[in-house]
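In: Any chance you could fold what I've pasted below:
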Amino acid sequence: MDKDLFDDLIQSLKEAKSISSGEVLAARRFKVSPPDVRAVREQIGLSQSDFARLMRVSVKTLQNWEQHRRNPSGPAAALLKIVMTAPDLALKTLHG
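Out: Residues are numbered from 1 along each chain as shown. Model prediction:
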């Protein structure tokens, strides 16, 4: 490995350690908020069982999302964003 690259990696690790221990503030922070699943479901007017079927998850999973015991991730989070942004198109596509 190139010495300059190795030195950069070591410096990055030292910075990461300083940030994680609270000695230094991070230059950037990103806060990703999970979607409000209940609000999305109520926006399109579906029951829990119908919405769970639409999302292709179990009702229990949907309830966990709605009660904030778990958060949707990956494809489920992306699909929720689509449903929230374009509910008519999402419903037409998913029911079609």
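
In: Quickly list the domain ranges of the protein.
Out: Each domain of the chain is listed here as a residue range: 1-27, 37-95, per automatic domain parsing.

In: Which stretch among those domains is buried most, on average?
Out: Neighbour counts (mean count of other C-beta atoms under 10 Å) averaged over each of these peak at domain 37-95, with a mean of 15. For the C-beta atoms, the positions are set from N, CA and C on the backbone; glycine is no exception.

In: what residue ranges in this protein score low on pLDDT?
Out: Scanning the chain for pLDDT under 70 picks out 96.

In: the helices in it, which residues?
Out: In chain order, the chain shows helices spanning 3-20, 37-44, 48-55, 59-66, 74-85, 87-95, with DSSP state H as the criterion.

In: Looking at those helices, spot the one closest to residue 26.
Out: Closest of the helices of the chain to residue 26 is helix 3-20, at 5.1 Å (criterion: C-beta to C-beta).

In: Now do that closest one: which elements does it pack against?
Out: Identification of packing neighbours for helix 3-20 by 3 or more C-beta pairs under 8 Å, 6 or more residues apart in numbering; DSSP states H and E yields no helix or strand.
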